[in-house]
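Peer 1: Dropping the sequence and predicted coords here.
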Amino acid sequence: MRAAVDLFVRRRMVNALNLGLAVAATLFGLFWLVWLLWTLLANGLPWLNLTVFTQITPPPGSAGGLRNAIVGSLMVTAIGVALGTPLGILAATYLSEFGRASRLTPVVRFVNDILLSAPSIILGVFVYEVVVLRMGHFSALAGGLALALIMLPVVVRTTEDMLRLVPDRMREAAAALGAPRWKVVTLVVYRAARAGIVTGILLGLARISGETAPLLFTALNNQFDSTSLDKPIANLPVVIFQFAMSPYADWHHLAWAGALLITLAILLLNILARLLLRAIRSGR
Amino acid sequence: MSLVSTTEHTRLLLRRGLRIDGLFHGLSAAAAVLVLLVVFGVLAALLLGALPALQRFGFGFLISDAWNPVTDDFGALVAVFGTLVTSAIALCIAVPISFGIALFITQLAPAWLKQPVATAVELLAAIPSIIYGMWGLFVFAPRFAGHVQPWITDHLGQWPLLGPLFQGPPMGIGMFTAGLILAIMVIPFIAAVMRDVFDIVPAVLKESAYGLGATTWEVVWQVVLPYTRSAVIGGVMLGLGRALGETMAVTFVIGNAQRLDASLFMPGSTIASTLANEFTEATGELHTASLIALGLILFLITFVVLALARLMLLRLASRQGTVG
């Protein structure tokens, strides 16, 4: 009797201890999030003003903003999305529609999942070797291409998941009405999965917005205004990196303002994507 | 007459539909093949670019700790060592924490708290790595050097076996700091996988254990974990894959020193940080080739780790009969 009670107490204590540790682990994880966001707000907010958007990156010691970097980031990201999205949707269409029975499909799916987590800096080196060396100089186009390669697997993965959620009944109903395959896919499947596909694009966009490593070797940087695809272009992540690593206080301030800007944009994209996902879930 | 033209018209329509079908099929297949081509293209480009270094140093490249652009003598040991050590530190911290978070979300938290906590942890993954780097360098490192590091060096530094790991001046930056920040960055990935797979454990299994009088901890440790073991390992390896290739955060805080040091508090470098620092400034052909060779090593390591991770995750999925 005595031993049984002891065992009971010990099991309860082990249970309480471990569950307590689980709560502590959760608080530990959230602690860093709060600290990071607080740091960003405290250091970035005081320097985030109108001149950040209206003036170009200054030489050390004089006032300036991040206009050229913001414009450059938007351009490079737009190229990435413009290249990555259609290719990703097409590849996902093959995986979930045309290539269902193909032996290629599981292989592509497997490789895509690896590409999804592959180091982005390696993709930067790849684009450097293939594009930058051929062209002979860094360029906005090369930067966009590197981002497209990072975006591609994200879009493939989410789009395929969303296309597979569309019930086969709908495909069969359309086919029974005599619709050719391409009409079934574009008018029925894509339309049914539209919100999900947009979510995937938003998530991919969020992923590439903060990428720095691949841009170091491709878009490089530019102190001045440039909208040429053929020339090096300023972009927020690389400017932040350069300014943060510099010894100048006013460059640090701009770096923090840029960091806050980028994080806010990415958090916004994430929230949008989440809201869309929730709408999809509650819609079925 | 009109009947004939109608069938003719139908046939035309049908033929056009089939042609567009074929075109669409071909295009989508080409896009799918492109995904494969990217991965193999990366491999080929890295091999080609690394060739001069591989020819010059051969297998010795892997075990040489030299890194001297002036004398054109390069080796991968320092960077590979730094990559493996920081990733190992990251996993040592991130795995138990992620397990705790997944346990909290799936078994302990009241329903209204689950989603907010899960979302907050996922937000850790949304923050760009350059932000982690700035925070690590400007905010975390000075506090770590001022308050925590001296204490650890004074106490743990005297231990017989572990001591040398924690010696050196309190600089704040170094391999330990890099590992810790990597841990925070991979926690959301590992925790998300653990949470998802803990949720698919059949309720009947858990309830049988509860019915026999098991405590929550016993259910998790003896029912949930064994059931999901392969996927949990897969999730951990997914996190490892992330940690190995993480660039910007590490570049900020590791100190970027090309030397081997037993102490975790000393600066070092990883493959990714070396690339980020030196690639655009490399002058000699051999320097560039050696950097690309480092990239090749990183690519091969992460490829193997991520492939194993996927296989582990697929094992649970195939047993489940669903794709996870």
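Peer 2: Perfect, thanks for sending it.
Peer 1: Would you mind listing the residues in contact with B:Pro241?
Peer 2: For the record, residue B:241 is Gly, not Pro. Contacts for B:Gly241 (Cβ atoms under 8 Å, 6 or more residues apart in numbering or on different chains) come out as A:Ser117, A:Ala118, B:Thr302, B:Val305, B:Leu306, B:Ala309. For glycine as for every other residue, the C-beta is placed from the backbone atoms N, C-alpha and C.
Peer 1: typed the wrong thing, it's B:Ala111
Peer 2: Contacts of B:Ala111 by Cβ under 8 Å, 6+ apart: none found.
Peer 1: low-confidence ranges in chain A?
Peer 2: Within chain A, the ranges that satisfy pLDDT under 70 run A:283-284.
Peer 1: ok, so of the contacts of B:Gly241, who is nearest B:Gln115?
Peer 2: A:Ser117 (24.9 Å; Cβ to Cβ).
Peer 1: Verify the stated contact: the closest one with B:Arg242.
Peer 2: Yes. At 6.0 Å, A:Ser117 and B:Arg242 qualify as touching, with contact defined as Cβ atoms under 8 Å.
Peer 1: out of those two, which sits in the more crowded spot?
Peer 2: Each of A:Ser117 and B:Arg242 has its neighbours counted (other Cβ atoms under 10 Å in any protein chain shown); B:Arg242 has more, 26 against 22.
Peer 1: Now name the helix or strand holding the more buried one.
Peer 2: Assessed by DSSP states H and E, B:Arg242 sits inside helix B:229-245.
Peer 1: and that helix, which residues are buried?
Peer 2: Across helix B:229-245, burial judged by 16 or more other Cβ atoms under 10 Å in any protein chain shown covers B:230-245.
Peer 1: of the residues you listed, closest to chain A?
Peer 2: Taking Cβ to the nearest Cβ as the measure, chain A lies nearest B:Gly245 of the buried residues of helix B:229-245, at 2.4 Å.
Peer 1: Surely that closest one touches A:Val125?
Peer 2: No. Using Cβ under 8 Å, B:Gly245 makes no contact with A:Val125, being 11.5 Å away.
Peer 1: List of residues touching stretch B:151-160?
Peer 2: By Cβ under 8 Å, 6+ apart, stretch B:151-160 touches B:Leu162, B:Gly163, B:Leu165, B:Phe166, B:Gln167, B:Gly168, B:Pro170, B:Phe265.
Peer 1: hmm, try it at 6 Å
Peer 2: Stretch B:151-160 has contacts (Cβ atoms under 6 Å, 6 or more residues apart in numbering or on different chains) with B:Gly163, B:Phe166, B:Gln167.
Peer 1: Would the helix or strand that contains A:Leu37 count as contacting chain B?
Peer 2: Assigned by DSSP H and E, A:Leu37 falls within helix A:2-44. Yes. Against chain B, helix A:2-44 shows contacts by Cβ under 6 Å from any Cβ of the partner chain at A:11, A:15, A:18, A:21-23, A:25-26, A:28-30, A:32-33, A:36, A:39.
Peer 1: Pull out the buried positions in the following helix or strand past that helix.
Peer 2: Downstream of helix A:2-44, the next assigned helix or strand under DSSP H and E is helix A:50-54. Neighbour-count burial for helix A:50-54 flags A:Thr51, A:Val52 (criterion: 16+ other Cβ under 10 Å).
Peer 1: Tell me the helix or strand right after helix A:50-54.
Peer 2: helix A:67-93.
Peer 1: So that following helix, near chain B or not?
Peer 2: Yes. Helix A:67-93 reaches chain B (Cβ under 6 Å from any Cβ) through A:Leu87, A:Leu90, A:Ala91, A:Thr93.
Peer 1: same check, this time on stretch A:100-110
Peer 2: Yes. Counting by Cβ under 6 Å from any Cβ, chain B is contacted by stretch A:100-110 at A:Val108.
Peer 1: Which residues does that stretch contact?
Peer 2: A:Leu95, A:Gly99, B:Ala32, B:Val35.
Peer 1: what's the answer for stretch A:187-194, then?
Peer 2: A:Met162, A:Leu163, A:Val166, A:Met170, A:Ala174.
Peer 1: From these, pick the one nearest B:Met194.
Peer 2: A:Met162 (24.1 Å).
Peer 1: By mean pLDDT, point me to the weakest helix or strand of chain B.
Peer 2: helix B:149-155 (a mean of 80; mean pLDDT, DSSP states H and E).
Peer 1: Buried ones in it, by neighbour count?
Peer 2: Neighbour-count burial for helix B:149-155 [16+ other Cβ under 10 Å]: B:Gln149, B:Ile152, B:Thr153.
Peer 1: chain center to that helix: distance?
Peer 2: 30 Å (Cα atoms, centre = their mean, to the nearest Å).
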